[in-house]
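>>> would you be able to build a 3D model of this:
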Amino acid sequence: MDYKGIDYRKIDVTPGMGQVDVYRLSGQRQVPVLKDGEQVISDSTAIAKYLDETYPIKPVIPLEVKAKGLSLMMEEWADEAIVPNARKLVLLALRGDTEFRTGWLPSGTPDIVKNIIGSVPGEVFDAVGAGVGVGPDAIAAAKRSLHQDLESLCLILSDSPYLTGNEPTLADFAVASASIYLKIPRGNYLDIPSSVQGRGIPGIADNLDYAPFFEWRDRLYAEVRSTTPPSGGSAGDGPTPITID
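Predicted coordinates:
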């Protein structure tokens with residue numbers, strides 16, 4: 001919506017009780033969910049298709065057949081491969097980087113809570129990972145997959161400004177957002193302290209081989225993503241408002 005110039009209001013969902021509201025609104029518990037007047041759409045792909053149909057300026061799903069197929073395939077790949085593998089490796093960053101660990105906490109978190117979480121021994125994260133099926137073998141497999149994915153992305157971007165051509169598409173936005181788990185972008189796009197921006201999973205975030213990808217990702221955010229809090233509407237000749245009640 002930033003890319004299309006559509007004004008909107010963002011509502012953060014708190015896990016647990018917040019998901020009850022999401023279910024009442026959309027009949028399911030996952031985000032994102034878009035409410036545009038009486039229309040309620042869940043799932044990022046469905047939202048992108050709806051936005052292109054309803055607000056066709058600067059489409060994010062290409063019209064050309066091959067580019068459309070590649071864009072939709074890459075969006076699914078980002079959701080089903082990059083995100084789950086990156087989530088497994090986040091435990092490594094949380095284990096070894098106390099500042100990174102506490103930097104993800106909400107800005108209003110009391111200092112005493114931050115201190116407690118920051119002092120948790122790294123072995124606890126090993127135990128948590130093992131408890132949810134993310135042991136050493138799963139982490140090693142996730143690393144192999146992500147190294148291959150990032151190598152592939154660097155090769156694709158070596159002679160193209162975007163993943164499927166000369167304009168950004170849903171593929172670019174999906175891959176860029178999925179990579180937040182790997183390395184936090186620099187800039188005020190998230191409610192995260194500046195000291196944590198640019199940090200991420202060791203061996204990936206600091207790997208010079210992947211610098212071209214992360215430079216591309218940060219450039220995309222700088223070009224497209226708004227750094228100001230979204231408002232509830234606009235007037236005059238401004239962007240078309242999406243009203244959320």
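>>> lowest average confidence, helix or strand, in this structure?
In the chain, the helix or strand scored least confidently by mean pLDDT, DSSP states H and E is helix 122-131, which has a mean of 66.
>>> and the next helix or strand past it?
helix 136-157 (DSSP states H and E).
>>> pLDDT on that following helix, on average?
Averaging pLDDT along helix 136-157 gives 94.
>>> now the angle from the next helix-or-strand element following it to helix 136-157?
With elements assigned by DSSP H and E, the helix or strand that comes after helix 136-157 is helix 170-178. Angle between the axes of helix 170-178 and helix 136-157 is 140 degrees (criterion: axes from the mean of the first three to the mean of the last three C-alpha atoms, to 10 degrees).
>>> what packs against helix 170-178?
helix 44-54, helix 65-77, helix 211-224 (3 or more C-beta pairs under 8 Å, 6 or more residues apart in numbering; DSSP states H and E). From N, CA and C alone the C-beta is placed, and that goes for glycine too.
>>> for stretch 158-168, list the C-alpha coordinates in PDB.
Only the C-alpha atoms of stretch 158-168 are listed here, as PDB (Å, rounded to 0.1, in the frame of the first residue of the first chain):
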ATOM      1  CA  SER A 158      23.300  -9.200 -10.200                       C
ATOM      2  CA  ASP A 159      21.900  -8.000 -13.600                       C
ATOM      3  CA  SER A 160      18.400  -6.900 -12.600                       C
ATOM      4  CA  PRO A 161      17.100  -4.100 -10.400                       C
ATOM      5  CA  TYR A 162      14.200  -6.300  -9.100                       C
ATOM      6  CA  LEU A 163      13.500 -10.000  -9.000                       C
ATOM      7  CA  THR A 164      11.300 -10.300 -12.000                       C
ATOM      8  CA  GLY A 165      12.200  -7.300 -14.100                       C
ATOM      9  CA  ASN A 166      12.600  -3.500 -14.100                       C
ATOM     10  CA  GLU A 167       9.700  -2.800 -11.600                       C
ATOM     11  CA  PRO A 168       9.100  -4.100  -8.100                       C
END
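>>> show me which residues of it are buried.
By 16 or more other C-beta atoms under 10 Å, the buried positions in stretch 158-168 come out as 162-165, 168.
>>> flag the least confident of these.
The member of the buried residues of stretch 158-168 with the lowest pLDDT is residue 165, at 91.
>>> how about residues contacting stretch 136-144?
The contact list for stretch 136-144 (C-beta atoms under 8 Å, 6 or more residues apart in numbering) reads 84-86, 88-89, 91-92, 129, 203.
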